[in-house]
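*Asks:* heads up, no residue letters with this:
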DNA sequence: AGAGGATATGTCATTTTCGACATAAGTCAA
DNA sequence: TTGACTTATGTCGAAAATGACATATCCTCT
């Protein structure tokens, strides 16, 4: 993995290949991270496309502005469940979700 | 929703249409639940297809037999993340995951 | 410049999910 | 039947994720 990419991930709270973990993450873990990042980007694009503020989207999914911000930033503390909840609430179809996963990683 | 189906969900810990929640779950919440159940079934099928015990699969994903059992039972306490982890570890391709999501709900 | 709205970042108490363990309940061959 | 596996279910303290809140930063206006 490129150093710049690793640094970007670590900024978001991901621990990618720390000192004691010479080989880094497993393929499955990397796939999950990449999937989260794809979903995060999609949330942002879709929200902006719908001309909603983070605050408005937060209300729609019974969350908070700060959590939406973290979602879109790809923060490690955000679960796939919450990302899915947001995407579905933004009208993402199952077909689109499927495409998203197929494209991830 | 059919009463039998609701009862089956509640057995697994899901709260579907409790007394104070006359209208039941939102479409998005139902979709998430259905997705989890589809993934749960797939984990079981794939594990059995690979002739692995729950204990063996548990080790492969650094979890425990009881959690795998709960996964396959569609228990509410199991996250989509863990289900994804198991499916990926069982060799599920992104294409197959995509198909799974498109089929859900 | 300053005001107002949006977004980013950090923290915290509560809730959810976690692995682990014990144990019950199935399955099946000897 | 007995015994060895396997799976189901309940519980627990630990860890992760959550909504909420405060506050900082960033943009657009005027």
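*Replies:* Cool, got the structure. If you're wondering where the values come from, they're calculated on a predicted model, not measured in any experiment. Numbers count the residues shown, from 1 in each chain, chains lettered A, B, ... in the order given.

*Asks:* contacting residues around the lengthiest helix in chain A?
*Replies:* Taking DSSP state H as the criterion, chain A has its longest helix at helix A:27-49. Outside helix A:27-49, the residues that touch it by Cβ atoms under 8 Å, 6 or more residues apart in numbering or on different chains are A:9, A:14, A:24-25, A:54, A:57, A:68, A:71-74, A:78, A:80, A:83-84, A:86-87, A:90-92, A:100-101, A:103-105, B:81, B:84-85, B:88-89, B:94. No exception for glycine: its C-beta is placed from N, CA and C like everyone else's.

*Asks:* list the buried residues of the following helix or strand past it.
*Replies:* Sequence-wise, the next helix or strand downstream of helix A:27-49 (DSSP states H and E) is helix A:54-60. Buried residues in helix A:54-60, defined by neighbour count with 16 or more other Cβ atoms under 10 Å in any protein chain shown: A:54, A:57, A:58, A:60.

*Asks:* the last one reaches residue A:89, doesn't it?
*Replies:* Yes - the pair formed by residue A:60 and residue A:89 meets the contact definition of Cβ atoms under 8 Å, at 5.2 Å.

*Asks:* now the two most distant members of the buried residues of helix A:54-60.
*Replies:* Maximum pairwise distance in the buried residues of helix A:54-60, criterion Cβ to Cβ, is 10.7 Å, between A:54 and A:60.

*Asks:* report the angle between the lowest-mean-pLDDT helix or strand in chain A and helix A:27-49.
*Replies:* None of the helices or strands of chain A scores lower by mean pLDDT, DSSP states H and E than helix A:3-11, at a mean of 84. Counting by axes from the mean of the first three to the mean of the last three Cα atoms, to 10 degrees, helix A:3-11 lies at 80 degrees to helix A:27-49.

*Asks:* in helix A:3-11, what's buried?
*Replies:* Under 16+ other Cβ under 10 Å, the buried positions of helix A:3-11 are residue A:9.

*Asks:* poorly predicted segments of chain A, please.
*Replies:* Within chain A, the ranges that satisfy pLDDT under 70 run A:17-24, A:105.

*Asks:* name the residue of it that lies nearest to DNA strand C.
*Replies:* Closest residue of chain A to DNA strand C, Cβ to the nearest atom of the strand: residue A:66 (3.1 Å).
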